[in-house]
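S.K.: Structure for this input, please:
(one chain, ligands or ions: 1)
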Amino acid sequence: MTFTKNILLINPFVYDFTAFDYWAKPKGLLEVGKIFTELGFTVELIDCLCKEDKDMAAFARQRSGIQQALVKQYGTGRCCRQEIEKPPNMNTIARRMYRFGIHPDLLRERLKNLKTKPTLIGVSGIMTYWCRGVKETIAIVKDIFPYTPVVLGGIYPSLIPEHAREYSGADIIFSGKVTKERLISLLQQTGLCTTISGRTDHADTCFFYPYPDPSYGVINLSEGCPKNCTYCASKILRPHYTGHNVEMALQEIKFFADQGIQDIAFYDDALLFQKEKRLLPFLEQVVDEFPLLRFHTPNGMHLDLLDNKTADLMYRANFKTLRFGFETAQPELSIRTGLKIRLHNCKNKIEILKEAGFTREHIGIYVMIGLPGQTVESVEESLEFVRSCRVNANITEFSPIPGTIEFVNAQQNAPVDFTADPELQNNSLLPLRDRTFSFDVVNRLKNICYRAPRKSAISDHQMPSVNRYFMLNQGKN
Ligand code: SF4
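M.R.: Residues are numbered from 1 along each chain as shown. Next up, the predicted model:
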């Protein structure tokens, strides 16, 4: 090994009941890689959740008990997984638990075979309830590189830094937004680098997406959200809404298209907000210059901000997956938590989408189940309302996000202490936290979605419920 200014970034493997790659990339970690590259460092990425990784596939073939990754429509899919024993406090859960992603032995091998010893190792922590995978990944890293500083950043250490400090094993906890200034300051504080050879200004000079044969690209035109829903961490992680440079976004699209990538997912929380400034000019160019690309919006968009012109441009730009936040038809709960859209307006806006050419195959409306104070009957009504609009309802199980109002509300009546144990904040464990939404009830509600005679681009059988926590936060780690 030679010693150079080399930075290693790792997106850890995860423990969960389900982990579907619904265009999910560690966007924050990729931003870190981009900034370090601009600063003149050599940056390597090990994404333990990469489903296109050929080494992981070969390893899975050799070891029994590991299921291969699956790539499905539009680049979505599932990375390889191995069933593991559930922790004792989850034994009552009638679901299998898995380690998703790279096998720890293969991660060790990869680290040992690195050509250059890293100067600094950055690890991302996304969901708070994925903290075990973070801890185990860092333990492996520390075993191989005991003297290399490990920095943990992302949503998990931003939302519960004290837990991350005590539990993860990282040397440095990096909470909050990643900026070039903060990363330079981190390097100087750690004494790793006093002189920077690359660009320290704000000019974007490169794209960092070092995936082998990527099946999709990810992009955002903005950060943050002007709304402040009581179950969402957007305002905590990104207090201010800011727009990105459209020209830069178009260059990024070209970068993806040049690699043969066809599917692009937007990570914006508020893609339609100030659309005249960014989305519309962006799409006008896309229609002319990138007619073969397909677009997807896994984060729910604001349906009330939609108009005919936008719907028409989105259709012509080849949007294939449209998701909109709706959450609940229960009036007082909707108003208390953030009111995405009123019912009559929702129907009108869906008509606008249909007039533009979209069908139910394209359109999915998120309905939340398990919000504190929500009744089962109101969820049924919400699902029936969405079905009556002749579009797909996508169920999202409520996951309490630390720092939000609904986290506190949910904990007050919960039979388990999920504040102390972030693993219990998993959306799949809703029935453990809220007796109203038992497994039977949750399954019955999911079946209401299946009942509709429809053909979905991403069927609910592929992804029975959406891990909305990730969607509400994935662009900000
Ligand atoms: S749930 Fe959506 S609309 Fe509400 S604050 Fe979060 S990102 Fe914004």
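S.K.: how about V218, secondary structure?
M.R.: On the three-state scheme (DSSP: H, G, I helix; E, B strand; the rest coil), V218 is labelled strand.
S.K.: Test my guess that it contacts I261.
M.R.: No - using CB atoms under 8 Å, V218 is not in contact with I261, being 10.0 Å away. For the C-beta atoms, the positions are set from N, CA and C on the backbone; glycine is no exception.
S.K.: Mind checking which of these two has more residues around it?
M.R.: Neighbours per residue, other CB atoms under 10 Å: of V218 and I261, the larger number sits with V218, 23 against 20.
S.K.: ok, that one - contacts?
M.R.: Contact partners of V218, counting by CB atoms under 8 Å, 6 or more residues apart in numbering, are W23, K25, K27, L30, I264, A265, F266, Y267.
S.K.: which among these gets closest to C79?
M.R.: Of all these, K25 has the smallest distance to C79: 11.8 Å, by CB to CB.
S.K.: Name the nearest residue to the closest one, ignoring sequence neighbours.
M.R.: Leaving aside its chain neighbours, K25 sits nearest to V218 (4.9 Å; criterion: CB to CB, 6 or more residues apart in numbering).
S.K.: how close does that neighbour sit to L70?
M.R.: Going from V218 to L70 by CB to CB, to the nearest Å gives 19 Å.
S.K.: what's the answer for I350, then?
M.R.: 31 Å.
S.K.: go on, K27?
M.R.: Between K27 and L70 the computed distance is 22 Å (CB to CB).
S.K.: These two: which is more packed in?
M.R.: More crowded of K27 and L70, by other CB under 10 Å: K27, with 19 against 15.
S.K.: Double-check that one against N220; I have them as touching.
M.R.: Yes - with contact defined as CB under 8 Å, K27 reaches N220; the gap is 7.4 Å.
S.K.: Need the per-residue pLDDT for N91.
M.R.: pLDDT, N91: 88.
S.K.: For it, what are phi and psi?
M.R.: Main-chain torsions, N91, degrees, to the nearest 10: phi -60, psi -30.
S.K.: Just confirm yes or no for stretch 211-229 near the ligand.
M.R.: Yes - interface with the ligand: stretch 211-229 contributes C225, K227, N228, C229 (CB under 6 Å from any ligand atom).
S.K.: which one of the residues you listed is nearest S158?
M.R.: C225 (15.9 Å).
S.K.: Identify the residue nearest that closest one in space, chain neighbours excluded?
M.R.: Of all residues not flanking C225 in the chain, D269 sits nearest, at 4.0 Å (CB to CB, 6+ apart).
S.K.: In a strand, the one you found, correct?
M.R.: No - assignment of D269 by three-state DSSP gives coil, placing it outside any strand.
S.K.: I'd assumed G224 was in contact with it.
M.R.: Yes - look at D269 against G224 with CB under 8 Å: they come within range, at 6.3 Å.
S.K.: count of neighbours near R61?
M.R.: Neighbourhood size, R61 [other CB under 10 Å]: 11.
S.K.: That one: what's it in contact with?
M.R.: Here R61 is in contact with Q68 (CB under 8 Å, 6+ apart).
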